[in-house]
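Student: Sequence first, predicted model second:
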Amino acid sequence: MSLRSHVADALRTHLPKAWTVRPYRYSIDQTRAPVVMLATTRIEKAEGEKGRNVHLHDDALTLTVFVPEIAPEKRYDAIETAVDKVIAAIEQMQLGGQLVRWDAASFDVEDNYTAADITLTVRTRHNYPKKEA
């Protein structure tokens, strides 16, 4: 299972049941409840504890949060509330002891959609087999 799928599963346990959480991006036309989509944006070598054949990575994900179309004067409140719920879910997530942190949320409120991107980083541990001579 991909890291995105693990994060999506963990988010689902902390978000309202009516929300849709997908471990991938897809097109949406209209929605009745908020939608959260995930995409891997970067993988970097991480510094820290290493052993033989053990490597640490910092996997960066973007969580995109969409809220249903509502009256223009209510859009900012709706997206800010949704982002607060997603951040609370991130801070409660358990991913097998892996370090999870969010960095920032950026907002995009337009005439035809209201969304926010939250940058999330997960420290992952990888065991690679020893190279044979």
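Tutor: Nice, thanks for sending it over.

Student: what's Ile118 in contact with, if anything?
Tutor: By CB atoms under 8 Å, 6 or more residues apart in numbering, the contact set of Ile118 is 62-65, 83, 86-87, 90, 102, 104-105. From N, CA and C alone the C-beta is placed, and that goes for glycine too.

Student: Which of the residues you listed sits closest to Lys17?
Tutor: For the contacts of Ile118, the residue nearest Lys17 by CB to CB is Val86; the value is 14.9 Å.

Student: helix/strand/coil for the closest one?
Tutor: Following DSSP: H, G, I helix; E, B strand; the rest coil, the label given to Val86 is helix.

Student: For it, which non-adjacent residue is closest in space?
Tutor: The shortest distance from Val86 to any residue other than its chain neighbours is 5.6 Å, reached at Val65 (CB to CB, 6 or more residues apart in numbering).

Student: just His57 next, same as before
Tutor: Among residues not flanking His57 along the chain, Thr124 sits closest, at 4.9 Å (CB to CB, 6+ apart).

Student: does the one you found sit in a helix or strand, and which one?
Tutor: Using DSSP states H and E, Thr124 falls within strand 114-127.

Student: What is the burial count for Arg75?
Tutor: Applying other CB atoms under 10 Å, we find 19 residues neighbouring Arg75.

Student: returning to that earlier point: turn the contacts of Ile118 into TSV, columns for distance to His14, secondary structure and neighbour count.
Tutor: What follows is these, written out as TSV (distance: CB to CB, whole Å; DSSP: H, G, I helix; E, B strand; the rest coil; neighbours: other CB atoms under 10 Å):
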residue	distance to His14	secondary structure	neighbour count
Thr62	18	strand	16
Leu63	13	strand	25
Thr64	17	strand	16
Val65	14	strand	23
Val83	14	helix	21
Val86	9	helix	24
Ile87	10	helix	16
Ile90	8	helix	18
Trp102	13	strand	16
Ala104	20	strand	8
Ala105	16	strand	17
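
Student: which one of these is nearest Met1?
Tutor: Leu63 (17.5 Å).

Student: Pull up the per-residue confidence for the residue nearest to the closest one when sequence neighbours are not counted.
Tutor: Excluding the flanking residues, the one nearest Leu63 by CB to CB, 6+ apart is Ile118, at 4.4 Å. pLDDT recorded at Ile118 is 97.
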